[in-house]
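>>> When you get a sec, could you give me coordinates for this:
(one chain, ligands or ions: 1)
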Amino acid sequence: MSATGPAPSLPETLPAVAIVGGGPAGLMAAQAARALGVEVDLFEAKGSVGRKFLIAGKGGLNLTHGEPRPGFDARYGERAGEIGRWLDRFDADALREWARGFGVETYVGSSGRVFPMDRKAAPLLRGWVRRLREDGVRFHVQHRCTGLDADGGLRFDTPAGAARTRARACVFALGGGSWPQLGSDGAWTGWLGARGLDIAPLQPANCGFDIGWSGHFAQRHAGAPLKPVVAHWREGGEERSLQGECVTTATGIEGSLVYALSAMLRERIAAHGEAVLELDLAPGRDLERLQRDFARPRGGRSVGEHLRRQTGLDAVKAALVFETLGKDGLHDAATVARTIKRLPLRLLRARPIAEAISSAGGVRLQALDAGLRSGALSPPAFFAGEMLDWEAPTGGYLLTACFASGLIAGEAAARAVLGRAAD
Ligand SMILES: Cc1cc2nc3c(=O)[nH]c(=O)nc-3n(C[C@H](O)[C@H](O)[C@H](O)COP(=O)(O)OP(=O)(O)OC[C@H]3O[C@@H](n4cnc5c(N)ncnc54)[C@H](O)[C@@H]3O)c2cc1C
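Coordinates of the predicted model:
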């Protein structure tokens, strides 16, 4: 921590509820606590709130998903039960209604994903922050929380030096560990862990994987889309498959299809040192036809050109077959056809958490009560958003759970201050 001395921006009155972290979960906690009539101060490390939310807007801002429950809840895997209870309080419809309150209409895309009509995050965030200010939430940006005092006071680094404040209840919504340049760097795992909070290590989720391409493949095909493809794998003794799209990178593979399977792939790599995913590169053609077509005489054409022409594969898919079989393996039509239908990708490791869309791990839900409060800290401390130990695929499931948990933690913090149990 830098120089000492009171930072001028800290509230002179004791905040009733301090929200630490100004992402969607923290902002929703602030809204919920303020709606119950308590004083709310929100502290944010960066110079402005909602930076990751704004970046999500670059991809169209997939706010939530149109999938009905309980299918929706199932996207949270092992945490479906706990998160289902959050969704009972604030689900996808409630989220869309909430956005409508800021004049932001939403639509359900063909994939079921829900977006604002203009696919932008900035107007929604601007309207939200304006409303929170009007409602009396006090914002303190450039206040980076660095830990807790022995008496539960919050310590901050600010441009004016070190500062501290003590609230009657705190909501921590510090985010996970992905894209740390946007503010959520996971540093809280150190100082909250030291206070006895039960925290599962942060891990990359919705992430790419390294494969270790040959230099030739990486140089020529990094960034090429692989679409459509069908991924095949075995789980619980059963054959599973999922159609989708992915992208080759300089070191491996990323994209929505891989993200959707990333939890399972990450766990397999942890258990076995690698994970094998089989890709059907030609979902529209059956094995027999591919074999027959490839077996046709190739005349004066190169084997690569013959492969592309006869099987309909584009350049990157054909290069993947090459990469897998080598030139010598391309002489047997049955092998080529089998490889096109089940190309084995050996995934060696997940890409670093800083590159992932989200993170798994965090404050374990078992350590919290139904209001997301930990008994380990005093004054009462509540937790929300991606810093909790759950994960979900992309598709709007991440933001939905962040909003819902923020609402629950904010309400519970306000009730703790007001001395009221849940209504
Ligand atoms: C590129 C990208 C695209 C995405 N697109 C989507 C999408 O379309 N749909 C979707 O559902 N999800 C999407 N996500 C995920 C989604 O944005 C996150 O899950 C969500 O923002 C997490 O909300 P949060 O409030 O828990 O944490 P964050 O949004 O990470 O906010 C945490 C806040 O806490 C602050 N903070 C951290 N440490 C401290 C500290 N010590 N003191 C004070 N403040 C601190 C941070 O600066 C940050 O502002 C995307 C993520 C990325 C990276």
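
>>> So which bits of the protein are right by the ligand?
The chain comes close to the ligand at residues 20-26, 43-46, 49, 51-53, 55-56, 59, 61-62, 144-145, 173-175, 178-179, 183-184, 188, 357-358, 385-386, 396, 398-399, 402, as judged by C-beta under 6 Å from any ligand atom. Where C-beta positions appear, they are placed from N, C-alpha and C, glycine not excepted.

>>> Isn't Gly196 up against Ala376?
Yes - taking C-beta atoms under 8 Å as the definition, Gly196 is a contact partner of Ala376 at 4.7 Å.

>>> returning to what we had before: quick check: PyMOL command selecting the buried ones in the residues of the chain next to the ligand.
Buried residues among the residues of the chain next to the ligand (16 or more other C-beta atoms under 10 Å), as a PyMOL selection:
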select buried, resi 20+21+22+23+24+25+26+43+44+45+46+49+51+52+53+56+61+62+144+145+173+174+175+178+179+183+184+188+357+358+385+386+396+398+399+402
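
>>> So Gly84 sits against Gly71, correct?
No - using C-beta under 8 Å, Gly84 is not in contact with Gly71, being 11.3 Å away.

>>> Not counting its neighbours along the chain, what's nearest Val229?
Once flanking residues are discounted, Val229 sits nearest to Leu279: 4.9 Å by C-beta to C-beta, 6 or more residues apart in numbering.

>>> should've said Ala367
Asp198 (4.0 Å).

>>> Neighbour count: Gly84 and Gly71, which is higher?
The neighbour comparison of Gly84 against Gly71 (other C-beta atoms under 10 Å) goes to Gly84, with 16 against 10.

>>> Just the element for the more buried one, please.
Element membership of Gly84 [criterion: DSSP states H and E] is helix 80-89.

>>> same deal with His216?
Here His216 is assigned to helix 215-221, by DSSP H and E.

>>> Could you list the buried residues of the helix or strand just after that helix?
As assigned by DSSP H and E, the chain's next helix or strand after helix 215-221 is strand 225-235. By neighbour count on 16+ other C-beta under 10 Å, the buried set for strand 225-235 is Leu226, Lys227, Val229, Val230, Ala231, His232, Trp233.

>>> before we move on, what about stretch 247-266?
247-249, 251-263, 265-266.

>>> And for stretch 341-357?
Lys341, Leu343, Leu345, Leu347, Arg349, Ala350, Arg351, Ile353, Ala356, Ile357.

>>> which two in the residues you listed are spaced the farthest apart?
Lys341 and Ile353 (33.9 Å; C-beta to C-beta).

>>> if we look at stretch 295-308, which residues are touching it?
The contact list for stretch 295-308, computed with C-beta atoms under 8 Å, 6 or more residues apart in numbering, reads 294, 309-310, 313-315, 318, 321-322, 327, 330, 333, 336.
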